[in-house]
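J.: The sequence and its predicted three-dimensional model are supplied below.
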Amino acid sequence: MAESLFEAAGVDGGGTRPLADRLRPESLADVVGQEHLTGPEGPIGRMAAQGRLGSVVLWGPPGTGKTTIARLLARSVDLEFVQLSAVFSGVADLRKAFEEARQRRRDGRGTLLFVDEIHRFNRAQQDGFLPVVEDGTIVLIGATTENPSFELNPALLSRCQVLVLRRHDDASLERLLDRAEAVEGQSLPVTEDGRLALKAMADGDGRYLLNLAEELYRIAPPEPLDPAGLAESLQRRAPLYDKAQESHYNLISALHKSLRGSDADAALYWMARMLAGGEDPLYIARRLVRFASEDVGLADPEALHQTLAAKDAYDFLGSPEGELALAQAAIYLATAPKSNAAYKAFGAASRSARATGSLNPPMHILNAPTKMMKQLGYGDGYAYDHDTAEGFSGRNYFPDGMARERFYNPVERGFEREIAKRLAYWDRLRREKTREDGDG
């Protein structure tokens, strides 16, 4: 029978070890929740079956099995497993690991170097991996909770396959709890609702779930705990949310797209997630104001007033009362008619402005505050729109020599329907007046 990871490492396999350690998988088939990678058709499963490993970056949330998978990969192809943490290691540690790997290679044995939190290494340190990865001195397995596209050097990324580990879902968390109960020989001391609450507390982190379960076994309450009892007995951690990192951008993107998709309930959920994670409510308010102009626009001009009023209300009331004003604004935006016509119009106008350079306005719309400017033709022929029967002169306001362009195209939704009618009316008048001027 093959020895366990703990026997191989010379570690006592008794019950004094943490529950998460006792349940650590001993084969890739035992890894829970990452079957898309570790299964027979997954990239990790194929590497292990073929006995050939390439360098890999494992990207995923905490507690999803990155370290375990790296250990099992090393075992599967008989490589020496060496582990470093970018939090605690420096250049000297890397040099030592590389030199030891070179010596092993001379002795006929390969090295799998597992670097936890690899994104914590700076650019120069990351570049240090390039030669030893390229010449095969090491197989690099990097683990990160941050988006590798933002945190890792392109040169290093190009030499590694990025594999994405999934956050544990309810089914995989349940499998972990079943294993915990099997190894402990007893059911968890929680009610059915308490079990659901326990999984919610884990927030997709399998290791944290097992730590919670171990704490419950240690407490050994006289009666199964319901959600309220769990809240009293266990300290729940804050949601996984870092205002300076990718989760911040993921959640604001989810909020923005839920609003754009007119899903008020989803928008409220993502806003609540951000607030629960400690996001600055005024940052959310700024995003709501932006959305009002970018995605609602003139389909409902009131949207901008609503979001600015929500910002002022939060300034006035503070938290938590002011958060209700933000929620009200979010509901208003989600249920408002949508148009990005103004957003697109300004983008098109900006591109045209860059393309046409420094064309002057036509002379007839320039002011002539001096006699010399009048003599030069400034303001000559200007038609005062209010003096016309329609309040519309139909004159050209684009630069001379530049063809008239249409940037703004209102949609057939909300208030922009009325705007479209006005534009069509003015277009007709402009054509008529142009013909009259030509006939004259």
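T.: Done, it's in. Numbers count the residues shown, from 1 in each chain.

J.: My guess is Trp308 contacts Leu288. True?
T.: That one is not Trp; residue 308 is Leu. No. Counting by C-beta atoms under 8 Å, no contact exists between Leu308 and Leu288, whose distance comes to 9.2 Å. From N, CA and C alone the C-beta is placed, and that goes for glycine too.

J.: just the strands in the protein please.
T.: 56-59, 80-85, 111-116, 139-144, 161-164 (DSSP state E).

J.: With respect to Arg431, which of those lies nearest?
T.: Put simply, out of those the one that sits nearest Arg431 is strand 161-164, at 57.0 Å, with distance taken as C-beta to C-beta.

J.: Just give me how far that closest one sits from the chain centre.
T.: Distance of strand 161-164 from the chain centroid (C-alpha atoms, centre = their mean, to the nearest Å) equals 17 Å.

J.: partners of that strand in the sheet?
T.: Each strand that pairs with strand 161-164, with its direction, by DSSP bridges: strand 56-59 (parallel).

J.: Buried ones in the strand it pairs with, by neighbour count?
T.: If you call a residue buried by 16 or more other C-beta atoms under 10 Å, then strand 56-59 has these buried ones: 56-59.

J.: what does stretch 130-150 give?
T.: Applying a neighbour-count criterion of 16+ other C-beta under 10 Å, the buried positions in stretch 130-150 are 132-133, 137-148.

J.: ok, now stretch 412-430?
T.: Within stretch 412-430, the residues that qualify as buried are 413-416, 419-420, 429-430, counting by 16+ other C-beta under 10 Å.

J.: Outside of it itself, list whatever touches it.
T.: Identification of contacts with stretch 412-430 by C-beta atoms under 8 Å, 6 or more residues apart in numbering yields 297-301, 336-339, 341, 390, 392, 394, 408, 410-411.

J.: Write a PyMOL command that selects only the buried members of these.
T.: Buried members of the contacts of stretch 412-430, identified by 16+ other C-beta under 10 Å, are gathered into one PyMOL selection as follows:
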select buried, resi 297+298+299+300+336+337+338+339+341+394+408+410+411
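
J.: what about the helices in the stretch 201-350 of the chain?
T.: Taking DSSP state H, counting those that start in this stretch to define them, one finds helices in the stretch 201-350 of the chain at 206-219, 227-233, 246-260, 264-276, 281-291, 302-317, 321-335, 341-356.

J.: So which bits of the fourth one are buried?
T.: To tie it back to what came earlier, the one meant is helix 264-276. By neighbour count with 16+ other C-beta under 10 Å, helix 264-276 contains the buried residues 264, 266-268, 270-271, 273-275.

J.: hang on, Pro189 packs against Arg218?
T.: No. The pair Pro189 and Arg218 fails to qualify as a contact (C-beta under 8 Å) at a distance of 10.6 Å.

J.: the more surrounded of these two?
T.: Set side by side, Pro189 and Arg218 show more neighbours around Pro189, with 18 against 8, by other C-beta atoms under 10 Å.

J.: Identify the residues contacting the more buried one.
T.: Under the criterion of C-beta under 8 Å, 6+ apart, the neighbours of Pro189 are 216-217, 219-221, 223-225.

J.: one more time with 10 Å, if that's ok
T.: For Pro189, the contacting residues are 213, 216-217, 219-225, 229, 233, by C-beta atoms under 10 Å, 6 or more residues apart in numbering.

J.: do you know how far it is from Ala213?
T.: Using C-beta to C-beta, to the nearest Å, one obtains 10 Å as the distance from Pro189 to Ala213.

J.: Leaving out sequence neighbours, find the closest residue to Glu181.
T.: Taking C-beta to C-beta, 6 or more residues apart in numbering as the measure, Glu181 lies nearest to Ser187, with 5.5 Å between them; neighbours along the chain are not counted.

J.: Next, give me the two most distant ones among the buried residues of stretch 130-150.
T.: Farthest pair in the buried residues of stretch 130-150 (C-beta to C-beta) is Thr137 and Asn147. Separation: 27.5 Å.

J.: where does this protein have low pLDDT?
T.: By pLDDT under 70, the weakly predicted segments of the chain are 1-16, 235-247, 437-440.

J.: Just give me the longest helix of it.
T.: Scanning the chain for the longest helix, with DSSP state H as the assignment, gives helix 416-439.

J.: any idea how far Arg195 is from Asn217?
T.: Careful, residue 217 is Tyr and not Asn. For Tyr217, the distance to Arg195 equals 14 Å [C-beta to C-beta].

J.: that older thread, which one, of the helices of the stretch 201-350 of the chain, ends up nearest to Phe88?
T.: When the helices of the stretch 201-350 of the chain are ranked by proximity to Phe88, the top entry is helix 206-219, at 18.9 Å, counting by C-beta to C-beta.

J.: just the CA coordinates of that closest one, formatted as CSV?
T.: Extracted C-alpha coordinates of helix 206-219, given in CSV (Å, rounded to 0.1, in the frame of the first residue of the first chain):
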residue,chain,number,x,y,z
GLY,A,206,-13.0,24.4,1.8
ARG,A,207,-10.2,24.7,4.3
TYR,A,208,-12.1,27.3,6.3
LEU,A,209,-15.2,25.1,6.2
LEU,A,210,-13.2,22.2,7.7
ASN,A,211,-11.7,24.5,10.4
LEU,A,212,-15.3,25.6,11.3
ALA,A,213,-16.3,22.0,11.5
GLU,A,214,-13.4,21.1,13.7
GLU,A,215,-14.2,24.0,16.0
LEU,A,216,-17.8,22.6,16.3
TYR,A,217,-16.6,19.2,17.2
ARG,A,218,-14.3,20.8,19.8
ILE,A,219,-17.2,22.8,21.3
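
J.: Show me which residues of that helix are buried.
T.: Going by neighbour count (16+ other C-beta under 10 Å), the buried part of helix 206-219 is 206-214, 216.

J.: What of stretch 21-32?
T.: Under the neighbour-count rule (16+ other C-beta under 10 Å), stretch 21-32 has 22-26, 28, 31-32 buried.

J.: and of the residues you listed, the nearest to Pro40?
T.: Where these are concerned, and distances follow C-beta to C-beta, Pro40 has its nearest neighbour in Leu28, at 9.6 Å.

J.: quick one, what contacts the residue nearest to Tyr378 when sequence neighbours are not counted?
T.: Using C-beta to C-beta, 6+ apart and skipping the chain neighbours, the partner closest in space to Tyr378 is Ala368 (3.7 Å). If you count contacts by C-beta under 10 Å, 6+ apart, Ala368 has them with 374-380, 382.

J.: next one: stretch 381-396 to chain centre, how far?
T.: On the basis of C-alpha atoms, centre = their mean, stretch 381-396 sits 51 Å off its chain's mean C-alpha point.
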